[in-house]
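Asker: I'd like to go over a predicted model; first the sequence, then the structure.
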Amino acid sequence: MAAVFGIRLSPLKAFEFLIRHDRRRLCPAAALIFFCAGVGGDIARGQEALRASIAGAEASAERRKRVTTIGYYNIRLGDTLWRFSAGVGLEYNDNVNLAQTNAASDYIASPSLNTSMFWPVSDRNALNLSLDVGYAFYATRSDLNRLYITPGSEISFDVFVKDLVINFHDRPSLAQYSYQNPSVTGTGDYAQFQNAAGVSVAWDLNKAQANFGFDHVNYLTISSSTASPDGNTDSLYAQVGAYFWPELQLGLEAGAGNISYSSTNTPNAFQWNLGTFAKYQASEYLSFRASVGYTVYSPEKTGAFVLLTDTTLIYVDLSLTHRLNKYLSYTLSGSRGVNLSFFGQTYENYDASLVLEWHLLRKIGLRTPFSYQHGSEISGAGEVFSQFQTGISLDRPLTEKLSTGLTYHVAIRNSQTAGHNYTVNSVSLNFNYRF
């Protein structure tokens with residue numbers, strides 16, 4: 001429920017009130033109240049078949065962050081609100097080819113452009129756009145030059161029908177670095193374009209909320225040196241939850257879908273999941289979410305894959321966000337499940353991450369992230385690997401519109417397969433200008 005001028009309204013009613021009451025003077029507060037109410041609903045974070053909405057979930061998180069920041073949209077064109085920014089990154093990387101031996105270093109320049117837009121088309125429709133795109137230029141390895149699209153980029157359209165919010169979306173992403181896929185080794189010439197197009201429906205029942213959706217996701221390998229197959233998934237997911245207290249929501253989630261690969265060397269598959277979830281907003285500063293359930297991954301058992309068997313496991317997805325005090329905030333998360341988008345292979349994955357946000361010095365932001373991932377290949381060569389990443393970043397505003405950041409990052413991969421280990425270090429200096 002959202003509050004407008006002290007009156008508690010449903011998310012839809014809050015949006016209608018803002019648009020009808022002051023349509024010609026729409027301000028960032030309208031977007032703030034509208035999205036803080038949670039109109040779009042959450043895409044089920046449990047093991048939807050084939051994890052079809054990973055890119056979409058990341059984009060949704062960025063969207064919530066944008067619209068809950070007062071003053072984020074700073075340009076008004078007609079009835080639309082916009083934000084534009086441009087940046088450039090200068091980086092040194094000591095192992096651009098992710099090699100165990102004979103690592104190659106390089107310098108990288110990455111100009112980028114970001115734009116966001118919010119447009120209440122009518123009192124029943126709203127259009128959102130976010131695009132964060134850049135290009136990486138390598139000083140010596142020009143074969144590694146590539147376009148990248150940051151997760152969170154999307155175009156989405158909301159339609160309001162009584163207590164229903166229907167969202168149509170298209171969410172592209174293109175990885176900038178090969179190590180963002182931990183199953184890749186021995187090459188820097190790897191990137192995977194993902195595009196999720198679909199529809200979701202959120203149904204506000206006051207004491208309960210239901211969310212349903214469908215996503216078609218294309219996985220396209222952008223590479224000249226690897227033979228990773230392209231693929232696509234079609235997934236259905238559902239989530240139904242009830243509020244037992246204003247702070248606590250409990251419910252059920254389910255998903256089912258197919259994945260198809262372009263290569264006959266990789267088996268097509270079907271996956272389904274069924275589980276339960278809990279969301280707890282303990283305070284303004286502390287929130288927790290957990291999903292647990294049962295998932296089954298069934299590869300196609302024909303031809304060369306006749307001896308394959310189904311994989312069944314208990315999936316878990318946990319996240320905790322906490323502002324401990326005025327000096328420190330952190331986000332802790334962990335998961336176990338099946339990931340089908342790694343380099344055309346399927347892995348049973350364990351993930352854990354901790355991101356610390358420090359506020360120790362005036363005007364200087366300090367961030368220290370840690371992440372660990374362990375994967376066991378279900379089909380194919382049966383590789384078992386682990387990857388650890390950490391680093392430190394500092395950012396500071398130089399002027400009202402210009403900011404800078406300095407980042408150190410390290411990724412360490414270990415594998416039981418000979419020659420598949422690597423360590424990569426990078427240092428980057430970034431500048432960003434907000435128009």
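Answerer: Right, received. Where do you want to start?

Asker: do you know how far residue 90 is from residue 149?
Answerer: Per Cβ to Cβ, to the nearest Å, residue 90 is found 20 Å from residue 149. The C-beta positions use only the backbone N, C-alpha and C, and glycine is treated the same way.

Asker: between these two, which one's more packed in?
Answerer: Ranked by neighbour count (other Cβ atoms under 10 Å), residue 90 and residue 149 place residue 149 first, with 20 against 13.

Asker: correct me if wrong: the more buried one contacts residue 172.
Answerer: Yes - counting by Cβ atoms under 8 Å, residue 149 touches residue 172, with 5.3 Å between them.

Asker: pull the number of nearby residues for the residue nearest to residue 323 when sequence neighbours are not counted.
Answerer: With Cβ to Cβ, 6 or more residues apart in numbering as the criterion, residue 323 has its nearest non-adjacent residue at 3.9 Å, and that residue is residue 285. Neighbours of residue 285 under the rule other Cβ under 10 Å: 12.

Asker: got phi/psi on residue 285?
Answerer: Main-chain dihedrals, residue 285, degrees, to the nearest 10: phi -110, psi -10.

Asker: also residue 144?
Answerer: Dihedral angles (degrees, to the nearest 10) for residue 144: phi -100, psi 0.

Asker: please apply the same query to residue 113.
Answerer: Dihedral angles (degrees, to the nearest 10) for residue 113: phi -140, psi 140.

Asker: give the bridge partners for it, please.
Answerer: residue 86, residue 133 (DSSP bridges).

Asker: how about residue 137?
Answerer: Under the criterion used (DSSP bridges), residue 137 bridges to residue 109.

Asker: would you confirm that it contacts residue 147?
Answerer: No - shown here, residue 137 and residue 147 do not form a contact pair, counting by Cβ under 8 Å, at 10.9 Å.

Asker: still on that earlier bit, need the contact list for the residue nearest to residue 323.
Answerer: 322-324 (Cβ atoms under 8 Å, 6 or more residues apart in numbering).

Asker: for residue 355, give me its contacts.
Answerer: 330-331, 367-370.

Asker: tell me the one among those residues nearest to residue 128.
Answerer: Using Cβ to Cβ, residue 331 is the member of those that sits closest to residue 128, with 23.8 Å.

Asker: element containing the closest one?
Answerer: strand 328-342 (DSSP states H and E).

Asker: continuing past that strand, what's the next helix or strand?
Answerer: strand 345-361.

Asker: list the buried ones in that next one?
Answerer: Along strand 345-361, these residues count as buried under the neighbour rule (16 or more other Cβ atoms under 10 Å): 345-354, 356-358.

Asker: run me through the strand neighbours of it, direction for each.
Answerer: Short version: by DSSP bridges, strand 345-361 pairs with strand 328-342 (antiparallel), strand 364-377 (antiparallel).

Asker: re the thing from before, shared neighbours of residue 149 and residue 172, which are they?
Answerer: residue 193.

Asker: out of the strands paired with strand 345-361, indicate the one that is most buried.
Answerer: For the strands paired with strand 345-361, the largest average neighbour count (mean count of other Cβ atoms under 10 Å) is found in strand 328-342, namely a mean of 19.

Asker: now that one: how far from the chain's centre is it?
Answerer: 11 Å (Cα atoms, centre = their mean, to the nearest Å).

Asker: swap in stretch 160-177?
Answerer: For stretch 160-177, the separation from the chain centroid amounts to 12 Å (computed by Cα atoms, centre = their mean).

Asker: with only the CA atoms kept, save that stretch in PDB.
Answerer: Taking C-alpha atoms only, stretch 160-177 is exported to PDB below (Å, rounded to 0.1, in the frame of the first residue of the first chain):
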ATOM      1  CA  PHE A 160      -3.300  -1.400 -15.400                       C
ATOM      2  CA  VAL A 161      -6.600  -3.300 -15.400                       C
ATOM      3  CA  LYS A 162      -8.500  -3.000 -12.100                       C
ATOM      4  CA  ASP A 163      -6.300  -4.800  -9.600                       C
ATOM      5  CA  LEU A 164      -4.000  -6.200 -12.300                       C
ATOM      6  CA  VAL A 165      -0.700  -4.800 -13.500                       C
ATOM      7  CA  ILE A 166       0.400  -6.300 -16.800                       C
ATOM      8  CA  ASN A 167       4.100  -5.700 -17.700                       C
ATOM      9  CA  PHE A 168       5.500  -6.300 -21.200                       C
ATOM     10  CA  HIS A 169       9.300  -6.200 -21.300                       C
ATOM     11  CA  ASP A 170      12.400  -6.700 -23.400                       C
ATOM     12  CA  ARG A 171      15.700  -6.900 -21.400                       C
ATOM     13  CA  PRO A 172      19.000  -7.300 -23.300                       C
ATOM     14  CA  SER A 173      22.500  -7.700 -21.800                       C
ATOM     15  CA  LEU A 174      25.900  -8.400 -23.200                       C
ATOM     16  CA  ALA A 175      28.800  -9.200 -20.900                       C
ATOM     17  CA  GLN A 176      31.900  -7.000 -21.000                       C
ATOM     18  CA  TYR A 177      34.400  -9.500 -19.500                       C
END
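
Asker: for it, list every residue counted as buried.
Answerer: For stretch 160-177, by 16+ other Cβ under 10 Å, it's 160, 165-167, 169, 171-177.

Asker: ok, now stretch 185-200?
Answerer: Under 16+ other Cβ under 10 Å, the buried positions of stretch 185-200 are 185, 187-200.

Asker: the chain: helices as residue ranges?
Answerer: For the chain, applying DSSP state H gives helices covering 11-22, 28-36, 54-67.

Asker: which one of those has the poorest average confidence?
Answerer: Mean pLDDT is lowest for helix 28-36 out of the helices of the chain, coming in at a mean of 30.

Asker: so residue 373 bridges to which residues?
Answerer: In beta-bridge terms (that is, DSSP bridges), residue 373 pairs with residue 351, residue 387.

Asker: residues contacting it?
Answerer: 182, 349-352, 386-387.

Asker: how about residue 327?
Answerer: Counting by Cβ under 8 Å, 6+ apart, residue 327 makes contact with 358-360.

Asker: just give me the closest of those to residue 100.
Answerer: Here the nearest of the contacts of residue 327 to residue 100, counting by Cβ to Cβ, is residue 358; it sits at 34.0 Å.
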